[in-house]
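Enquirer: Here is my input, please return the structure:
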Amino acid sequence: MFAYEIHRMRSAELRAQADRERLALAALRGRRAGRRSTGQEAPVAESHSKGSRRHRFTRAA
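Expert: Predicted structure coming up:
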């Protein structure tokens, strides 16, 4: 009986976590849709390399 109660509690925790994640994704989608509807462009990502042209991996022979 004790194991069953632990199982039920864990199941309830996982459901609550999934609900929170779904809500966060819905909010993110709403913000993105709001930006698209107003015509604002996404900010341009800046490079962290400070202008270096060095590649991450070496060339294959």
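
Enquirer: Poorly predicted segments of this protein, please.
Expert: 40-53 (pLDDT under 70).

Enquirer: could you redo the last one with a cut-off of 80?
Expert: 38-57, 61 (pLDDT under 80).

Enquirer: got the residue ranges for the strands in it?
Expert: Along the chain, no segments are classed as strands by DSSP state E.

Enquirer: Quick check, central residue of it?
Expert: By C-alpha atoms, centre = their mean, the chain has its centre lying nearest to Leu25, at 7.7 Å.

Enquirer: roughly how far apart are that one and Arg31?
Expert: As judged by C-beta to C-beta, to the nearest Å, Leu25 and Arg31 stand 11 Å apart. To be clear about C-beta, it is placed using only N, CA and C from the backbone, and glycine gets the same treatment.

Enquirer: likewise Arg8?
Expert: Taking C-beta to C-beta, one finds Arg8 at 35 Å from Arg31.

Enquirer: for Ser37, same thing?
Expert: Taken as C-beta to C-beta, the span from Ser37 to Arg31 is 11 Å.

Enquirer: do the same with Arg59
Expert: 41 Å.

Enquirer: Have a look at the two and say which one is more surrounded.
Expert: More crowded of Arg59 and Arg31, by other C-beta atoms under 10 Å: Arg31, with 10 against 5.

Enquirer: What residues does that one make contact with?
Expert: The contact partners of Arg31, by C-beta atoms under 8 Å, 6 or more residues apart in numbering, come to none.

Enquirer: distance of it from Met9?
Expert: Going from Arg31 to Met9 by C-beta to C-beta gives 34 Å.

Enquirer: residues near Glu5, how many?
Expert: Glu5: 9 neighbours (other C-beta under 10 Å).

Enquirer: again, but for Arg10
Expert: What Arg10 shows, counting by other C-beta under 10 Å, is a neighbour count of 10.

Enquirer: And the helices in this protein?
Expert: Under the criterion DSSP state H, helices of the chain are mapped to 2-38.

Enquirer: The most far-flung residue of it relative to its centre and Arg15: what is the separation?
Expert: Within the chain, Met1 marks the point farthest from the mean C-alpha position, 37.8 Å out by C-alpha atoms, centre = their mean. Met1 sits 21 Å away from Arg15, going by C-beta to C-beta.
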